[in-house]
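1. Sharing a model prediction with you, sequence too.
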Amino acid sequence: MLVLDELVRLAAPWHHLFDRSRPVEMATVGTHVLAMLVAGGLAIAHDRGSLRASGFSDLIRSHHLGELRAVHRPVIAALSVTMASGVALFASDVGTYAFSPAFWIKMGLIALLMVNALMMQSSERTLSLSAAGGAATLAWSRIRVNSVVSMSLWASIVLISIVLSLEK
(Lines give C-alpha, C1' and ligand atoms only; values in the text may rest on other atoms or scores of the structure.)
Protein backbone atom coordinates (compact mmCIF):
# COMPACT_ATOMS: atom_id res chain seq x y z
CA MET A 1 0.00 0.00 0.00
CA LEU A 2 3.00 2.30 0.33
CA VAL A 3 3.20 2.66 -3.45
CA LEU A 4 -0.49 3.52 -3.68
CA ASP A 5 -0.20 6.02 -0.83
CA GLU A 6 2.74 7.65 -2.59
CA LEU A 7 0.83 7.80 -5.90
CA VAL A 8 -2.13 9.41 -4.13
CA ARG A 9 0.23 11.95 -2.51
CA LEU A 10 1.97 12.77 -5.80
CA ALA A 11 -1.33 13.12 -7.64
CA ALA A 12 -2.98 15.25 -4.93
CA PRO A 13 -2.40 18.64 -6.61
CA TRP A 14 -3.83 17.34 -9.90
CA HIS A 15 -6.71 15.65 -8.08
CA HIS A 16 -7.49 18.94 -6.34
CA LEU A 17 -7.46 20.92 -9.62
CA PHE A 18 -9.39 18.27 -11.54
CA ASP A 19 -12.09 18.00 -8.85
CA ARG A 20 -12.59 21.76 -8.57
CA SER A 21 -12.39 22.86 -12.18
CA ARG A 22 -15.11 21.70 -14.54
CA PRO A 23 -13.20 23.06 -17.59
CA VAL A 24 -10.09 21.05 -16.66
CA GLU A 25 -12.18 17.92 -16.16
CA MET A 26 -14.04 18.41 -19.44
CA ALA A 27 -10.86 19.19 -21.39
CA THR A 28 -9.16 16.06 -20.04
CA VAL A 29 -12.13 13.77 -20.64
CA GLY A 30 -12.82 15.38 -24.03
CA THR A 31 -9.20 14.96 -25.13
CA HIS A 32 -9.27 11.32 -24.02
CA VAL A 33 -12.51 10.52 -25.85
CA LEU A 34 -11.58 12.44 -29.01
CA ALA A 35 -8.15 10.82 -29.25
CA MET A 36 -9.72 7.39 -28.70
CA LEU A 37 -12.25 8.16 -31.42
CA VAL A 38 -9.51 9.14 -33.88
CA ALA A 39 -7.27 6.16 -33.10
CA GLY A 40 -10.11 3.65 -33.03
CA GLY A 41 -11.92 5.13 -36.02
CA LEU A 42 -8.85 5.03 -38.22
CA ALA A 43 -7.96 1.53 -37.02
CA ILE A 44 -11.46 0.13 -37.53
CA ALA A 45 -11.78 1.71 -40.98
CA HIS A 46 -8.51 0.12 -42.04
CA ASP A 47 -9.41 -3.17 -40.39
CA ARG A 48 -12.57 -3.20 -42.50
CA GLY A 49 -10.45 -2.42 -45.56
CA SER A 50 -8.14 -5.32 -44.69
CA LEU A 51 -11.07 -7.70 -44.54
CA ARG A 52 -12.24 -6.54 -47.95
CA ALA A 53 -8.79 -6.32 -49.58
CA SER A 54 -7.77 -9.82 -48.60
CA GLY A 55 -10.21 -11.21 -51.18
CA PHE A 56 -9.16 -8.90 -54.03
CA SER A 57 -6.36 -8.81 -56.58
CA ASP A 58 -2.68 -8.43 -55.76
CA LEU A 59 -2.76 -4.83 -57.03
CA ILE A 60 -5.55 -3.87 -54.63
CA ARG A 61 -3.86 -5.74 -51.81
CA SER A 62 -0.60 -3.95 -52.50
CA HIS A 63 -2.33 -0.57 -52.44
CA HIS A 64 -4.12 -1.44 -49.20
CA LEU A 65 -0.85 -2.59 -47.62
CA GLY A 66 0.62 0.86 -48.36
CA GLU A 67 -2.44 2.48 -46.79
CA LEU A 68 -2.04 0.31 -43.68
CA ARG A 69 1.57 1.39 -43.27
CA ALA A 70 0.59 5.04 -43.76
CA VAL A 71 -2.13 4.96 -41.09
CA HIS A 72 0.16 3.67 -38.34
CA ARG A 73 1.69 7.09 -37.57
CA PRO A 74 -1.63 8.93 -36.96
CA VAL A 75 -3.05 5.98 -35.01
CA ILE A 76 0.06 5.86 -32.80
CA ALA A 77 -0.08 9.65 -32.32
CA ALA A 78 -3.74 9.47 -31.31
CA LEU A 79 -3.02 6.52 -29.00
CA SER A 80 -0.22 8.52 -27.38
CA VAL A 81 -2.64 11.38 -26.66
CA THR A 82 -5.17 8.82 -25.37
CA MET A 83 -2.58 7.32 -23.05
CA ALA A 84 -1.39 10.71 -21.76
CA SER A 85 -4.94 11.85 -21.06
CA GLY A 86 -5.66 8.43 -19.54
CA VAL A 87 -2.78 8.91 -17.11
CA ALA A 88 -4.25 12.31 -16.22
CA LEU A 89 -7.66 10.70 -15.64
CA PHE A 90 -6.07 7.98 -13.49
CA ALA A 91 -4.21 10.62 -11.48
CA SER A 92 -7.46 12.50 -10.92
CA ASP A 93 -8.63 9.70 -8.61
CA VAL A 94 -5.89 7.15 -8.00
CA GLY A 95 -7.70 5.61 -5.04
CA THR A 96 -10.80 4.80 -7.08
CA TYR A 97 -9.11 3.57 -10.25
CA ALA A 98 -6.44 1.50 -8.50
CA PHE A 99 -9.15 -0.80 -7.13
CA SER A 100 -11.52 -0.67 -10.09
CA PRO A 101 -11.95 -3.98 -11.94
CA ALA A 102 -13.24 -2.04 -14.97
CA PHE A 103 -10.02 0.03 -15.05
CA TRP A 104 -7.83 -3.07 -14.99
CA ILE A 105 -9.98 -4.80 -17.61
CA LYS A 106 -9.53 -1.72 -19.83
CA MET A 107 -5.75 -1.80 -19.28
CA GLY A 108 -5.72 -5.51 -20.19
CA LEU A 109 -7.73 -4.87 -23.35
CA ILE A 110 -5.34 -2.08 -24.34
CA ALA A 111 -2.37 -4.42 -23.80
CA LEU A 112 -4.06 -7.03 -26.01
CA LEU A 113 -4.73 -4.34 -28.63
CA MET A 114 -1.01 -3.45 -28.68
CA VAL A 115 0.03 -7.11 -28.99
CA ASN A 116 -2.48 -7.56 -31.82
CA ALA A 117 -1.09 -4.46 -33.59
CA LEU A 118 2.45 -5.85 -33.35
CA MET A 119 1.26 -9.16 -34.80
CA MET A 120 -0.45 -7.32 -37.66
CA GLN A 121 2.70 -5.32 -38.36
CA SER A 122 4.66 -8.57 -38.51
CA SER A 123 2.28 -9.89 -41.18
CA GLU A 124 2.55 -6.58 -43.05
CA ARG A 125 6.34 -6.87 -43.02
CA THR A 126 6.07 -10.40 -44.41
CA LEU A 127 3.94 -9.07 -47.26
CA SER A 128 6.17 -6.07 -47.93
CA LEU A 129 9.13 -8.44 -48.39
CA SER A 130 7.50 -9.66 -51.59
CA ALA A 131 5.91 -12.71 -50.07
CA ALA A 132 4.24 -14.86 -52.66
CA GLY A 133 2.20 -18.03 -52.75
CA GLY A 134 1.60 -19.71 -49.44
CA ALA A 135 3.49 -17.11 -47.38
CA ALA A 136 1.32 -14.31 -48.77
CA THR A 137 -1.86 -16.31 -48.28
CA LEU A 138 -0.91 -17.04 -44.67
CA ALA A 139 0.04 -13.40 -44.02
CA TRP A 140 -3.30 -12.15 -45.41
CA SER A 141 -5.13 -14.74 -43.31
CA ARG A 142 -3.34 -13.47 -40.21
CA ILE A 143 -4.17 -9.87 -41.14
CA ARG A 144 -7.84 -10.85 -41.46
CA VAL A 145 -7.79 -12.45 -38.00
CA ASN A 146 -5.91 -9.47 -36.54
CA SER A 147 -8.47 -7.12 -38.10
CA VAL A 148 -11.40 -8.95 -36.52
CA VAL A 149 -9.58 -9.05 -33.17
CA SER A 150 -8.76 -5.34 -33.46
CA MET A 151 -12.37 -4.35 -34.16
CA SER A 152 -13.55 -6.51 -31.26
CA LEU A 153 -11.00 -5.03 -28.89
CA TRP A 154 -11.84 -1.45 -29.88
CA ALA A 155 -15.53 -2.10 -29.27
CA SER A 156 -14.75 -3.73 -25.93
CA ILE A 157 -12.52 -0.83 -24.89
CA VAL A 158 -15.29 1.66 -25.64
CA LEU A 159 -17.83 -0.40 -23.69
CA ILE A 160 -15.59 -0.84 -20.65
CA SER A 161 -14.76 2.89 -20.82
CA ILE A 162 -18.47 3.63 -20.43
CA VAL A 163 -18.65 1.31 -17.43
CA LEU A 164 -15.55 2.97 -16.00
CA SER A 165 -17.01 6.45 -16.43
CA LEU A 166 -20.05 5.39 -14.39
CA GLU A 167 -17.87 4.30 -11.46
CA LYS A 168 -16.60 7.77 -10.66
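-> Right, received. Where do you want to start?
2. Need the pLDDT of Gly66.
-> Listed pLDDT for Gly66 reads 89.
3. next one: the one 3 residues further on
-> Arg69 carries a pLDDT value of 86.
4. Tell me the spacing between it and Ala45.
-> Separation of Arg69 from Ala45 (Cβ to Cβ, to the nearest Å) stands at 15 Å. For glycine as for every other residue, the C-beta is placed from the backbone atoms N, C-alpha and C.
5. Please apply the same query to Glu67.
-> Distance of Glu67 to Ala45, given as Cβ to Cβ: 10 Å.
6. go on, Leu59?
-> 20 Å.
7. go on, Arg125?
-> Following Cβ to Cβ, the distance that separates Arg125 from Ala45 is 21 Å.
8. In the protein, where is pLDDT below threshold?
-> 130-132, 168 (pLDDT under 70).
9. what about the helices in it?
-> If DSSP state H is used as the criterion, the helices of the chain fall at 2-20, 22-53, 58-92, 94-97, 101-128, 133-167.
10. Redo the ones you listed as a markdown table? Include mean neighbour count.
-> Putting the helices of the chain into a markdown table (neighbours: other Cβ atoms under 10 Å) gives the following:
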| stretch | mean neighbour count |
| --- | --- |
| helix 2-20 | 13 |
| helix 22-53 | 16 |
| helix 58-92 | 16 |
| helix 94-97 | 16 |
| helix 101-128 | 16 |
| helix 133-167 | 16 |
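11. quick one: the closest residue to Leu112 other than its chain neighbours and Ser85, what's the gap?
-> Spatial nearest neighbour of Leu112, chain neighbours left out: Leu153 (5.8 Å); criterion: Cβ to Cβ, 6 or more residues apart in numbering. Plainly put, Leu153 is 19 Å away from Ser85 if you go by Cβ to Cβ.
12. same question, Ser21
-> With distances taken as Cβ to Cβ, Ser21 is found 15 Å from Ser85.
13. quick revisit: hang on, the residue nearest to Leu112 packs against Leu113?
-> Yes: with contact defined as Cβ atoms under 8 Å, Leu153 reaches Leu113; the gap is 4.6 Å.
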